[in-house]
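Novice: fold the stuff below for me.
(one chain, ligands or ions: 1)
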Amino acid sequence: MNGKVAVITGSTSGIGLGIAERLGAQGCHLVLNGFGETEQIRALQHRLKETYGVQVSYIPVDLSVPAQSSQLITKAEDEFGHVDILVNNAGIQHVAPVEDFPIDQWQKVIDINLTTPFALMKAVLPRMRERGWGRIVNIASVHGLIASAQKSAYVSAKHGLIGLTKVVALETARTPITCNAICPGWVLTPLVEKQIQERVAVSGRSFEEEKKALLLEKQPSGEFASVEQLGGLVVYLCSPDAAQIRGAAMTVDGGWTIQ
Ligand code: NAD
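Specialist: Numbering: from 1, shown residues only. Sure thing, here's the model as predicted:
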């Protein structure tokens, strides 16, 4: 994978950063994207560059507007000439029962978690086809396979993302381009910390107590999946050994979905 160009959306924190680290360790040049303080992002770029000896670019396209999000691909292609690996990872959550779910929040969750990945795949595929190689990995969720209450928009978007992954896998089936999805269970990142804080606000229990309760309700292993483990799976899906894995939705969920 030395010298391949990888675009990872939402890679300034959490799972996206874990994936960037693992791809960087394989010698991929990295295109980072996501929100954050300018100084912190500069420091992150510098650290990744020094640690892995790869080029690290930061393209701050806001992916909440799907019609504009393809700029991330055009800018990456302008800078590196092409994109070999696209990881659609940026995502947001909103938790509320359907009756109280604001329609603008619904649209936001659908836009970032589903429509933007569609726009980015649409933008990246022509050049991948031209060059005859590509890897697309969509970070879905266990919520792409099953549901939880209060997550209507997220569950709909992630189910949609798995369907979209299958369509792209079929449309690229006769090419060396693959498209797969990963379905994490609980991973301790800012996205989940926010949900634990919301539970603390309701229950009055401690953060540690709510963290344990959240895990045990769903994840039989009682342990979080790690960002490093998810990064490892992305590396595998980008490797030659995974060339015939197409349109899969691979769980990393401590057993959540086997119950
Ligand atoms: P996170 O909040 O730590 O990171 C999300 C990243 O997306 C950040 O870099 C953020 O800046 C970026 N982002 C958010 N909105 C954006 C926008 N409009 N434009 C550009 N970037 C934007 O979240 P995470 O937990 O690392 O989640 C990453 C992905 O994994 C998401 O798609 C999420 O649905 C999925 N996921 C997470 C878990 C979990 O337990 N953490 C479980 C299953 C699936």
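
Novice: which residues of the chain lie near the ligand?
Specialist: Contacts of the chain with the ligand, taken as C-beta under 6 Å from any ligand atom, map to 10, 12-16, 33-35, 62-64, 89-92, 112, 139, 141, 184, 186-187, 189-192. (Glycine included, C-beta is placed from N, CA and C.)

Novice: in strands only, show me these.
Specialist: Among the residues of the chain next to the ligand, the residues falling in strands (DSSP state E) are 139, 184.

Novice: what segments of the stretch 51-200 of the chain are helices?
Specialist: Using DSSP state H, counting those that start in this stretch, the helices found in the stretch 51-200 of the chain span residues 66-69, 71-80, 103-110, 116-131, 152-171, 190-203.

Novice: can I get those helices in TSV with mean pLDDT and mean neighbour count?
Specialist: Shown next, in TSV, are the helices of the stretch 51-200 of the chain (pLDDT from 0 to 100; neighbours: other C-beta atoms under 10 Å):
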stretch	mean pLDDT	mean neighbour count
helix 66-69	92	16
helix 71-80	98	18
helix 103-110	98	15
helix 116-131	98	20
helix 152-171	99	20
helix 190-203	92	13
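
Novice: closest to residue 57 out of these?
Specialist: helix 71-80 (5.7 Å; C-beta to C-beta).

Novice: what residues does the closest one touch?
Specialist: Identification of contacts with helix 71-80 by C-beta atoms under 8 Å, 6 or more residues apart in numbering yields 5, 7, 9, 29, 31, 33, 55, 57, 59, 61, 63, 83, 86, 120, 123-124, 127.

Novice: change it to 6 Å
Specialist: Here helix 71-80 makes contact (C-beta atoms under 6 Å, 6 or more residues apart in numbering) with 5, 7, 31, 33, 57, 59, 61, 83, 120, 123-124.

Novice: for these, give me a markdown table that also has distance to residue 73.
Specialist: Shown next, in a markdown table, are the contacts of helix 71-80 (distance: C-beta to C-beta, whole Å):
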| residue | distance to residue 73 |
| --- | --- |
| 5 | 11 |
| 7 | 7 |
| 31 | 9 |
| 33 | 11 |
| 57 | 13 |
| 59 | 9 |
| 61 | 9 |
| 83 | 6 |
| 120 | 6 |
| 123 | 4 |
| 124 | 5 |
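
Novice: out of the residues you listed, which is nearest to the ligand?
Specialist: Ranked by distance to the ligand (C-beta to the nearest ligand atom), those are led by residue 33 at 5.7 Å.

Novice: so residue 21, which state does it fall into?
Specialist: Assigned with DSSP: H, G, I helix; E, B strand; the rest coil, residue 21 falls in the helix class.

Novice: which residue is the nearest non-sequential neighbour of it?
Specialist: Sequence neighbours aside, residue 231 is the residue nearest to residue 21 in space, at 5.9 Å (criterion: C-beta to C-beta, 6 or more residues apart in numbering).

Novice: list the contacts for residue 84?
Specialist: Contacts for residue 84 (C-beta under 6 Å, 6+ apart) come out as 4-5.

Novice: can you list phi and psi of it for me?
Specialist: For residue 84, the backbone dihedrals (degrees, to the nearest 10) come out as phi -90, psi -40.

Novice: if I look at it, how far off is residue 21?
Specialist: Separation of residue 84 from residue 21 (C-beta to C-beta, to the nearest Å): 18 Å.
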